[in-house]
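Enquirer: fold the following.
(one chain, ligands or ions: 1)
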Amino acid sequence: MIVFCVVLALVWPYDFVSGIITAMVVGTVVVFSVDRHYRSEEFKILGLIQQMTFQIPKCPNCGKEIPQGDFEFCPFCGNSLKT
Ligand SMILES: [Zn+2]
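Expert: Here you go, the predicted model:
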């Protein structure tokens with residue numbers, strides 16, 4: 001990010017100080033938006049992983065994934081899921 005600021009400041013056609021300020025402002029906005037985008041993507045992926053790994057209960061008897069819903073008995077083998 002510092003490199004980007006310096007490069008932008010050097011290629012800025014006006015004076016160095018206004019170039020630095022512009023680079024800082026642009027850099028902050030870019031970092032902020034990228035960070036926000038990344039965080040929301042990360043959140044989505046985490047939610048997906050959670051859904052795939054933790055939120056699918058498995059029958060302790062036959063090991064098959066129990067479909068969504070509050071099942072008291074395994075729909076595959078009839079084993080009681082309430083312990
Ligand atoms: Zn089962």
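Enquirer: flag every residue of the protein that's near the ion.
Expert: By Cβ under 5 Å from the ion, the part of the chain that sits against the ion consists of 59, 61-62, 74, 76-77, 79. Where C-beta positions appear, they are placed from N, C-alpha and C, glycine not excepted.
Enquirer: go with 8 Å
Expert: By Cβ under 8 Å from the ion, the residues of the chain that approach the ion are 59-64, 66, 74-79.
Enquirer: pLDDT weak spots in the chain?
Expert: In the predicted model of the chain, residues 1-10, 12-13, 52-55, 83 satisfy pLDDT under 70.
Enquirer: relative to E65, how far out is the closest residue in space to P67 that isn't next to it in sequence?
Expert: Computed as Cβ to Cβ, 6 or more residues apart in numbering, the closest residue to P67 that is not its neighbour in sequence is P75, at 7.1 Å. Separation of P75 from E65 (Cβ to Cβ, to the nearest Å): 10 Å.
Enquirer: now do the SS call for Q68.
Expert: coil (DSSP: H, G, I helix; E, B strand; the rest coil).
Enquirer: what about it, neighbour count?
Expert: By other Cβ atoms under 10 Å, 10 other residues sit near Q68.
Enquirer: next up, the contacts around it.
Expert: Applying Cβ atoms under 8 Å, 6 or more residues apart in numbering to Q68 gives no contacts.
Enquirer: that one and I56, how far apart?
Expert: As judged by Cβ to Cβ, Q68 and I56 stand 8 Å apart.
Enquirer: what does L81 give?
Expert: 13 Å.
Enquirer: do the same with G27
Expert: With Cβ to Cβ as the criterion, G27 and I56 are 43 Å apart.
Enquirer: hang on, the earlier thing: let me know the closest of the residues of the chain next to the ion to E41.
Expert: I66 (29.2 Å; Cβ to Cβ).
Enquirer: who touches the closest one in this structure?
Expert: 56-59, 74-75, 81.
Enquirer: turn those residues into JSON lines, columns for neighbour count and secondary structure.
Expert: Compiled in JSON lines, the contacts of I66 are given as follows (neighbours: other Cβ atoms under 10 Å; DSSP: H, G, I helix; E, B strand; the rest coil):
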{"residue": "I56", "neighbour count": "12", "secondary structure": "coil"}
{"residue": "P57", "neighbour count": "13", "secondary structure": "coil"}
{"residue": "K58", "neighbour count": "12", "secondary structure": "strand"}
{"residue": "C59", "neighbour count": "19", "secondary structure": "coil"}
{"residue": "C74", "neighbour count": "19", "secondary structure": "coil"}
{"residue": "P75", "neighbour count": "12", "secondary structure": "coil"}
{"residue": "L81", "neighbour count": "16", "secondary structure": "coil"}
